[in-house]
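Novice: the following comprises the amino acid sequence and a computationally predicted model.
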Amino acid sequence: MKTSSSKSHTHIDEESRVPEYDLPSLLPEGGQADWPARRRTLMDFFSDHAYGRTPDAAPEGGVRVVDTVRGAAPQVEGAVRIQFTLEIGPVSNRHAVRVLLYLPAEKPRCCFLGVNFAGNHTIDADPEIELPRGWMYPWEGTGVVAHRATASGRGTRSRRWPVARILEKGFALGTFYCGDLAPDQAGHPKIADFKRLFPAPPDPGSEWGNIGIWAWGLCRVREVLAALPELEGVPCVAVGHSRMGKTALWAAAQDEAFAGALSNCSGCMGAALSRRCFGETVEKITQGFPHWFCPRLRAWAGREAEMPMDQHMLLALIAPRPLLVCSAVEDLWADPRGEFLATRAASPAYAMHGHASFADSEFPEPGQAVIRDLIAYYLRSGKHDMPLPVWEQGLTFFTNDVRYIRYFHPEKPKEIHENRLPHWQMEGAMYFVTWHLGDSLPVAVLKKWRLEREDWQMTHPRPWTPETEAEFHRNFSRRYEEALDKGCGSCLLRNPIYSEIMAECFRHFDQARYHLDCFVIMPNHVHVLFTLAGSWKLQDILQQWKSVSSHKIQKQRNTSGKLWQKDSWDRMIRNPLHYKRCRNYIRENPSKARLTEGHFVLYDSKGAF
């Protein structure tokens, strides 16, 4: 297609007037192997030309958590409200960000974290939410008097923050007021004061704007929340509406510890394609809100077709984590069709990682969603707002635990070798692990296989590529598992007393140190599929499972000695297809081994088996 003119476009609100355009190439020529380098390039584009460069250095005076207050939340029985202050900078230039966190009665399945426009007290009528103490933007109907918050503002934005519903669905919710970090007013002195906490940027054209600052705040709060015992191992999703939707996307793009992102009506320089010049344009947004972006963005006003990036690239930076983009059909200024097209254009990044793509999907009708595995788009009726239907979509989409699997990343794992076997380590990864009783395979067979394996390893020196490791498992793991299924040895785990001990060991730290997906306890071996939580290491979890179960089973039998074979076979899950194969293997293992009910234990966290 032809590219759009370099001249400034008048306001476009009809599809027939949208200029033809070509989107810049998204994927690297080398595919997934070259994605990390391509990702860095895309990050540079948005840092240098849109949101500004986030400083690498910590702020002068550091960051501290102070004044934590806990109490019962009134919206849902058993829920908890926590308020704390993120104190940033020295006494002479101190910035205090008051954070509001709601926790459901049970362990949260997910935590939504977003920035609010008008103060924590506006999201709910809860009388114990503290009023902001600093400068307030005078949003209509929020009770602001002389740029100060008043009690009359309580709950005035609750339509955008359905706290009770979020808690009822088992989600946590965290938020802070944007003005605590950087007031949403061009030229406000507090913005310059905050920027002085960091070294001056070497390139003034890429100095960060408010969106960059707010995103920085989201990342710091996420770090604090991750350290709370109640949220250990709980995925945190960046959420936001309008300018805070842009903020959520930029925060999740920079901080891959966010489990995903939900952007609602984020429009120009958010989820909508800039090259369409539909609704709000680069020219309009930099004229009206220059403080949101780096100074260089203004140079692209009317020259969208020449920009090195477009917003589908920002969405692709979330991949392969779950992404939900939401629009309103009457919100033409935010270009809902442009948000859909950007989401569709970003989906090849998900397909590259082995996920479903909706490259062939059509713009949905109002009230409909297009969901393809980890990437989704929802169009609702109505105008520029974030009402309950948006949250309902998010609560449904982010409830699916499969969406939080952290698949093998070529730049992140560290290879560790133990007992002659390779072990890939990556924080938060999902693993398929097998180990067996010490007498389940004849010593002569194990010795023969070990010699063959060592010969193979001599011709395949370490470190191994993922492809070489896969070949290793094809050559040795398959026959190992087939031999186990023959049921050799004492098959102690056929006894329900002993298999229940093993099952209880799996369940004991579930949702704390790891997240169980499924497992099967066979008569002489076990298979388990699980995700590491927080910073827990694979070898520590396996050691705990094997040592505790061995001690308890041997005590029950009134015997001693080695119960388990020393080695275990582990494979990091690489993509959705690999995940499904491992789940199917576990589900089908008892029937393939011709076991009858009562001679095995099969568990599935989703209840699908």
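Specialist: Right, received. Where do you want to start?
Novice: what sits closest to E128 if chain neighbours are left out?
Specialist: Leaving out its chain neighbours, the residue that sits closest to E128 by C-beta to C-beta, 6 or more residues apart in numbering is G71, at 5.7 Å. All C-beta spots, glycine's among them, are computed from the backbone N, C-alpha and C.
Novice: what about the strands in the stretch 501-609 of the chain?
Specialist: 514-521, 525-532, 569-572, 601-604 (DSSP state E, counting those that start in this stretch).
Novice: so of the ones you listed, which one's packed in deepest?
Specialist: Of all the strands of the stretch 501-609 of the chain, strand 525-532 has the most neighbours on average by mean count of other C-beta atoms under 10 Å, namely a mean of 24.
Novice: contacting residues around W216?
Specialist: Contacts for W216 (C-beta atoms under 8 Å, 6 or more residues apart in numbering) come out as 54, 181, 208, 251.
Novice: so which of those comes closest to T85?
Specialist: L181 (12.3 Å; C-beta to C-beta).
Novice: would you mind giving the secondary structure of the closest residue to that closest one other than its chain neighbours?
Specialist: Spatially, and ignoring its direct neighbours in sequence, L181 is nearest to G217 (4.7 Å; C-beta to C-beta, 6+ apart). Put simply, G217 is helix when judged by DSSP: H, G, I helix; E, B strand; the rest coil.
Novice: can you get me a residue count around G217?
Specialist: Applying other C-beta atoms under 10 Å, we find 24 residues neighbouring G217.
Novice: cool, T459 as well?
Specialist: 6.
Novice: how near is it to F472?
Specialist: 12 Å (C-beta to C-beta, to the nearest Å).
Novice: so the residue nearest to E128 is in which element?
Specialist: For G71, the host element (DSSP states H and E) is strand 63-72.
Novice: contacting residues around that strand?
Specialist: With C-beta under 8 Å, 6+ apart, strand 63-72 has contacts from 79-88, 128, 130, 220, 224.
Novice: centre of the chain to that strand, how far?
Specialist: Distance of strand 63-72 from the chain centroid (C-alpha atoms, centre = their mean, to the nearest Å) equals 25 Å.
Novice: give me the nearest residue to Q368, chain neighbours excluded.
Specialist: Closest residue to Q368 apart from its sequence neighbours, by C-beta to C-beta, 6+ apart: L379 at 6.4 Å.
Novice: what strands line up against the helix or strand harbouring the one you found, and which way round?
Specialist: Here L379 sits within strand 375-380, counting by DSSP H and E. Counting by DSSP bridges, the strands paired with strand 375-380 are strand 323-328 (parallel), strand 368-372 (antiparallel).
Novice: in the shortest one, which residues are buried?
Specialist: With burial defined by 16 or more other C-beta atoms under 10 Å, the residues of strand 368-372 counted as buried are 370-372.
Novice: chain center to that strand: distance?
Specialist: 19 Å.
Novice: residues in contact with that strand: which ones?
Specialist: Here strand 368-372 has contacts from 340, 347, 350, 355-358, 361, 364, 376-379, 393, 397, using C-beta under 8 Å, 6+ apart.
Novice: ok, the longest one next?
Specialist: Applying C-beta under 8 Å, 6+ apart, the external contacts of strand 323-328 come out as 260-266, 271, 315, 334, 336, 339-340, 342-343, 346, 374-386, 390, 393-394, 397-398.
Novice: switch to 7 Å and redo it
Specialist: Residues outside strand 323-328 that contact it (C-beta atoms under 7 Å, 6 or more residues apart in numbering): 260-265, 271, 315, 334, 336, 339-340, 343, 374-380, 382-385, 390, 393-394, 397.
Novice: among those residues, which lie within helices?
Specialist: Under the assignment DSSP state H, the contacts of strand 323-328 contribute 315, 336, 339-340, 343, 390, 393-394, 397 to helices.
Novice: burial of Q393, as a residue count?
Specialist: Neighbour tally, Q393, other C-beta under 10 Å: 20.
Novice: how about it, nearest residue that isn't a chain neighbour?
Specialist: If the residues on either side of it in the chain are set aside, Q393 comes closest to Y378, at 4.7 Å by C-beta to C-beta, 6+ apart.
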